[in-house]
Each structure stands twice: as C-alpha cells, then as structure tokens.
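Below: sequence and its predicted model.
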There are 2 protein chains.
Amino acid sequence: MQTGTLSEKLAQFDEQWAPRIIGELNGQHVKVAKLEGPFEWHHHAAADEFFLVMAGCLTIELRDKDNVRLEEGDYCIVPQGTEHRPVAGDGEAHVLLFEPASTQNTGNLQNERTVQDPEWI
Amino acid sequence: MQTGTLSEKLAQFDEQWAPRIIGELNGQHVKVAKLEGPFEWHHHAAADEFFLVMAGCLTIELRDKDNVRLEEGDYCIVPQGTEHRPVAGDGEAHVLLFEPASTQNTGNLQNERTVQDPEWI
C-alpha cells in the first residue's frame, strides 16, 4: 500500500522544476514538484498532464490561447500535443501532477532542465 | 483545456458516496467525492485507486492488514484486487480520486450505492 502525506513529501527536497514520484497506479505516476519562475516551452506528444496547485500560483502559458492562471486549489489538464510553458509566480509554487509513467518534465525538449529518471520519494 | 477549482466543484453537490468527474486524462478520471460513515467492502479487479483527503478523515479498512488512516493532505493508492472498505469519520470527508475511467464506486459489488455513470461537473 503506497501511502504518505503531501507536506512531508515536499519537505524532502528543495530542487525546483524536478518532480519527485510519490506513487504509481495504472501506468501513471503521481508526482509533486516545487516550481518558481518560468520553465521551458514544450509539449508532451502522447501524454495529457494534470496539475493541481497546492501552494503559490502557477500560470500555464499557451500558444494562441489565453493563459490559464492557477492558484491554490485550482487544477488544469494540458492535453497531449499542446505546447505550453508553466510559469510559477508569487514565490515558490507547489504542485501535484498526474501523468503517464514515461512522461519527462521537458516533453519534446531535451536540455539541462530535463530530468531523465525522476526520483521516488 | 479542462480547468477548475476543487472547492467550487465540491460546492456543486451534496450527495455522499457518489463521486463526480472533474477531468479526464490518459484514460483516467479525476473525481471528487463527499464521504461520511462506512461504505461497502469491495475491490476493483483491474483498477488501482488513488485517494487524497482534502478535508476530514478517511480510514481505508483492509482484510488481514492494518487499516490506513488518512487525514487532510494524506494519500494512498489501493492496488487492484485489494478488498477494502472506506470509512469516513469526523463528519464529512472530501476526497480527490484518480482512477481508470471505467471504475465504478462499488467495484465488484452491485447494489443501491452503485453509481452506474458518474456525473461530470
């Protein structure tokens, strides 16, 4: 039985933009992440991505569409293939993610911010 | 883009033990539910089930294993095939669920508490 407390999981790391895996079910991962400032424009070719903001503020910037601004308790699902750029404001944001187990944080982009094998905590 | 606020979704219904769908991704549903008192013993033959407690207290009773007690901010994943009985205490509990889109609330059991087609909100 996988079980835990979100606040305790978040207290286990400081690294930003490096999601940690806290659970796996039905081929999907449940992750938590700490975010601050702008990330990279990217998309996930075959993965829809769920974001739930637990603290702070996260804006999902989109091409040719209005940005989606998420505050604590707000969620959104970014459909596969949708280019987006997460930007965290008001200090550090804490988010819960659901996405397929193979999903990389930078999607189609490979750079120094790509996390190849997210750490389990 | 599916987006919303958990508290606003929960304010849209009063019915207990009848999860509402608030999002779909990768063949999975994201749901919210209001729970109070004991539910039914059941299992899901082919679905792992994620619970996150947002308010109140939820105990996952298990056969031949210690119960898992979840308070606000606690989560657990009940593996497929695992017989369990959710029991919500300390008044009404509010939970976020993540599970395959086909998952019924009573699993292998069909009775008056079975929700055939959960409502989207």
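Perfect, I can see it now. Numbering: from 1, shown residues only, chains lettered A, B, ... in the order given.

Look up how far residue B:119 lies from the spatially most central residue of chain A.
Nearest to the mean C-alpha position of chain A, by C-alpha atoms, centre = their mean, lies residue A:97 at 5.1 Å. Here the distance between residue A:97 and residue B:119 works out to 25 Å (C-beta to C-beta, to the nearest Å). For every residue, glycine as well, the C-beta is placed using N, CA and C.

next one: residue A:13
If you go by C-beta to C-beta, the gap between residue A:13 and residue B:119 works out to 38 Å.

What values do phi and psi take at residue A:53?
With angles defined as degrees, to the nearest 10, residue A:53 sits at phi -90, psi 120.

I'd assumed residue A:90 was in contact with it.
No: taking C-beta atoms under 8 Å as the contact criterion, residue A:53 and residue A:90 are not neighbours in contact, 10.5 Å apart.

Please identify which of these two sits among more neighbours.
For the pair residue A:53 and residue A:90, the greater number of neighbours falls to residue A:53 (23 against 12), based on other C-beta atoms under 10 Å in any protein chain shown.

Residue B:18 versus that one, what's the distance?
Using C-beta to C-beta, we find residue A:53 at a distance of 26 Å from residue B:18.

cool, residue A:28 as well?
Per C-beta to C-beta, residue A:28 is found 24 Å from residue B:18.

need the residues of chain A near chain B, please.
Contacts of chain A with chain B, taken as C-beta under 8 Å from any C-beta of the partner chain, map to A:1-7, A:22-26, A:28, A:30, A:47-50, A:52, A:60, A:62, A:65, A:68, A:70, A:73-79, A:82, A:96, A:98-100.

And the strands in chain A?
If DSSP state E is used as the criterion, the strands of chain A fall at A:2-5, A:20-25, A:28-38, A:49-62, A:68-70, A:74-78, A:84-100.

Thanks again, I'm all set now.
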